[in-house]
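Asks: generate coordinates for the sequence data below:
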Amino acid sequence: MYIQYLIIMLPALLVTLYGYHKTKDVGMYGKVNSKELVISLVANALLGGLMILILNMWILEQVSDSYILNGKVTNKYKDTVGCEHSYQVCTTSGKTTICTTHYEHFEDYDWVVETSVGSLIIDREDRQGETTPQRFIKVIVGEPASMEFHFNNYLLADKESLFLQNSETPSNIQQPRVYDYYRTKHIVGSVSLPNVEKQLDLLLQGKRFNVKVVALNNRPVEDFYSVMSAWIGGKINDVILVVSLDENGVVLWSKVNTYAKGYKNQMLLKDLEYLTEGKVFNEDLVTKQISLITKQFLILDEQEFEEKLELVEIPMWLLILVVLINIGLSVGIHIKMTKEDL
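Replies: Numbers count the residues shown, from 1 in each chain. I've put the predicted structure just below:
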């Protein structure tokens, strides 16, 4: 980052010093004196710091990720809030202009759903929110509810990391996300297991971890690596079970993964695979699996791989853009100083 700061700052500093050198012998007007030079240099340093902040924000965006926590709906209600829709009416008398803010309504209404993992607001169906949204009507207190939370997935900074699963043919099975405000799926793949899904909805409520099951129909074990490649190894609190089932729902093989290829959780992975293989994948089995995960699963600290952040590559176009912006601002500061007499 120090090198990048120099890359950003050096052209701007050269512009400032060159401008000072070119104007030092001119008359009072148009000259940049020593005081103005110091002001310019300080302004350039601050602007350079701002550019570095922008780059840091871009770098952090490259490792931005989310994980899911599961709970249930605990309450829903209509909340009265201040009106959010205003406009101004201005009147001018002579050289004086007076503007008054007017609001469209006395109040607006939010339709709030509270869950055990956070709260959310259902979109309004009219501008004020007076009409009860149909989606709000469908909310049932006690039904399963999930929400996504942000974390920094530093493994994303290193595309060649040994902690990521590599496969030449990533799977087209999509990783479960939260949809329709607070719903999610725990089981994806080619086999539907609705009773097991409902059981997981109940068992995962209040847990710090999330379980994702990929249920396949008589597929080779190579599909596990394809799924893990497509999902980039999963989220920080995920336990991912990939199972291949026969026509009777019996597990032919199972492979389990957690964040960073099971780092610090290898015993759990082996125990889960041993518990699962050869069994019918039903509610009783997932109950035992969740019990085992609850006892053994270690959720890694987000900072475990923080040093990998240094591996994020800043694209040349972005670096050039930031340098040009800083040079342009430096030129603007110089022109301003030539017009001032401080």
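Asks: please make it C-alpha for all contacts and neighbour counts, starting now.
Replies: Fine.
Asks: report the longest helix in this protein, please.
Replies: helix 34-62 (DSSP state H).
Asks: show me what it is packed against.
Replies: helix 2-23, helix 316-338 (3 or more CA pairs under 8 Å, 6 or more residues apart in numbering; DSSP states H and E).
Asks: mean confidence score for it?
Replies: Average pLDDT, helix 34-62: 78.
Asks: now the angle from it to helix 316-338?
Replies: 160 degrees (axes from the mean of the first three to the mean of the last three CA atoms, to 10 degrees).
Asks: ranges for the helices of the stretch 101-250 of the chain?
Replies: 134-137, 194-203, 222-230 (DSSP state H, counting those that start in this stretch).
Asks: restricting to C-alpha, output the helix or strand harbouring A260 in PDB.
Replies: Assessed by DSSP states H and E, A260 sits inside helix 259-262. The C-alpha atoms that make up helix 259-262 are tabulated as PDB, following Å, rounded to 0.1, in the frame of the first residue of the first chain:
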ATOM      1  CA  TYR A 259     -15.000 -23.200   5.300                       C
ATOM      2  CA  ALA A 260     -11.300 -23.500   4.200                       C
ATOM      3  CA  LYS A 261     -11.500 -27.100   3.200                       C
ATOM      4  CA  GLY A 262     -12.500 -28.200   6.700                       C
END
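Asks: how far off centre is that helix?
Replies: 19 Å (CA atoms, centre = their mean, to the nearest Å).
Asks: on that earlier part again, where among the helices and strands packed on helix 34-62 is average confidence lowest?
Replies: Looking at the helices and strands packed on helix 34-62, the bottom one is helix 2-23 with a mean of 65.
Asks: what angle sits between the helix or strand following the longest helix of the chain and helix 194-203?
Replies: Downstream of helix 34-62, the next assigned helix or strand under DSSP H and E is strand 64-82. If you take the same axes, to 10 degrees, strand 64-82 sits at 70 degrees to helix 194-203.
Asks: strands paired with strand 64-82, and their directions?
Replies: As defined by DSSP bridges, the strand partners of strand 64-82 come to strand 107-115 (antiparallel), strand 144-152 (antiparallel).
Asks: tell me the contacts of N257?
Replies: G233, V239, I240, L241, L269 (CA atoms under 8 Å, 6 or more residues apart in numbering).
Asks: my guess is the first one meets Y259, correct?
Replies: Yes: here G233 lies in contact with Y259, judged by CA atoms under 8 Å, at a distance of 6.0 Å.
Asks: what about the residue nearest to I59 when sequence neighbours are not counted, neighbour count?
Replies: Excluding the flanking residues, the one nearest I59 by CA to CA, 6 or more residues apart in numbering is V312, at 6.5 Å. Other residues within reach of V312, judged by other CA atoms under 10 Å, total 17.
Asks: before we move on, back to that, next, format the strands paired with strand 64-82 as a markdown table and append distance to L319, mean pLDDT and mean neighbour count.
Replies: Output for the strands paired with strand 64-82, formatted as a markdown table (distance: least, CA to CA, whole Å; pLDDT from 0 to 100; neighbours: other CA atoms under 10 Å):
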| stretch | distance to L319 | mean pLDDT | mean neighbour count |
| --- | --- | --- | --- |
| strand 107-115 | 43 | 96 | 19 |
| strand 144-152 | 23 | 98 | 19 |
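Asks: right, and those strands - which one's nearest L204?
Replies: L204 sits nearest to strand 144-152 of all those, at 9.4 Å, using CA to CA.
Asks: show me how far the closest one is from its chain's centre.
Replies: For strand 144-152, the distance to the chain centre is 10 Å (CA atoms, centre = their mean).
Asks: do stretch 205-215 as well
Replies: Using CA atoms, centre = their mean, the distance from the centre of stretch 205-215 to the centre of the chain it belongs to is 19 Å.
Asks: next: stretch 63-71.
Replies: The answer for stretch 63-71 is 8 Å, by CA atoms, centre = their mean.
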